[in-house]
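Chemist: no FASTA, just this:
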């Protein structure tokens, strides 16, 4: 019997090695799997390469992972924000590497990895420092830059509902990078607020098929307090 439901945070993050490349879903704070990132902190993996839309907010999740010195490199579109002080400090001190990628290019590089595409040409970034060292080709009279796919060892994503096969649905904009990241990683770990019986999810509404998901952890919906979050015991009802 296929059952991808794991009992707790420890089981969800088990085996993530030092030096892993980890994709973290979310657009700003929408769809950010903070609880799974905190579990990754507790798990202890170091020297990580993190692929995310930004470089952490405030004191929790990715920001705390950075503050603890557990990240070697960040691949993202928006590293600097009003509350990205941990990344700012580490980057200025030369303690974390940054690969800056335009947002559309970031999304397409992740999608390309999941689709098995070896790369693609885009006019974005041509003539800028971001194109240095990359192949450039003229297509229909316009210069394009070759971009390679972004693969990951692990993807941490946040969904709304899931079943024991790993089929997932999302809540509105919390969907963002999750589906493409799930396809681009060797190991996809998803948190869900509700676990439903097989067949309860409308097949037409499933966004991420279970073939792309290896572990599912149910957590209660977080209660936001003072800009932070409160995790709930695994298996708690949504």
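Modeler: Received it, and whenever you're ready, just let me know what you need. All values reported here derive from a predicted model rather than from experimental measurement.

Chemist: where do the helices sit along this protein?
Modeler: Ranges of helices in the chain, per DSSP state H, are 9-13, 34-43, 62-67, 85-92, 103-115, 178-184.

Chemist: could those go into a markdown table alongside mean neighbour count, mean pLDDT and distance to residue 169?
Modeler: Where C-beta positions appear, they are placed from N, C-alpha and C, glycine not excepted. Output for these, formatted as a markdown table (neighbours: other C-beta atoms under 10 Å; pLDDT from 0 to 100; distance: least, C-beta to C-beta, whole Å):
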| stretch | mean neighbour count | mean pLDDT | distance to residue 169 |
| --- | --- | --- | --- |
| helix 9-13 | 20 | 97 | 19 |
| helix 34-43 | 21 | 95 | 18 |
| helix 62-67 | 22 | 93 | 24 |
| helix 85-92 | 17 | 93 | 32 |
| helix 103-115 | 19 | 97 | 18 |
| helix 178-184 | 25 | 97 | 10 |
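
Chemist: want to throw the ones you listed into CSV with distance to residue 202?
Modeler: Listed next are the helices of the chain as CSV, based on distance: least, C-beta to C-beta, whole Å:
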stretch, distance to residue 202
helix 9-13, 26
helix 34-43, 26
helix 62-67, 33
helix 85-92, 40
helix 103-115, 23
helix 178-184, 16
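
Chemist: and residue 164, what does it touch?
Modeler: 2-5, 195, 198, 216 (C-beta atoms under 8 Å, 6 or more residues apart in numbering).

Chemist: among those, which ones are buried?
Modeler: For those, a burial check counting by 16 or more other C-beta atoms under 10 Å picks out 4-5, 195, 216.

Chemist: between the helices of the chain, which gets nearest to residue 149?
Modeler: When the helices of the chain are ranked by distance to residue 149, counting by C-beta to C-beta, first place goes to helix 103-115 at 3.8 Å.

Chemist: For the residue of the chain most remote from its centre, grab phi and psi.
Modeler: Within the chain, the residue lying farthest from the chain centre (C-alpha atoms, centre = their mean) is residue 141, at 35.6 Å. Backbone torsions of residue 141, given as degrees, to the nearest 10, read phi 80, psi 10.
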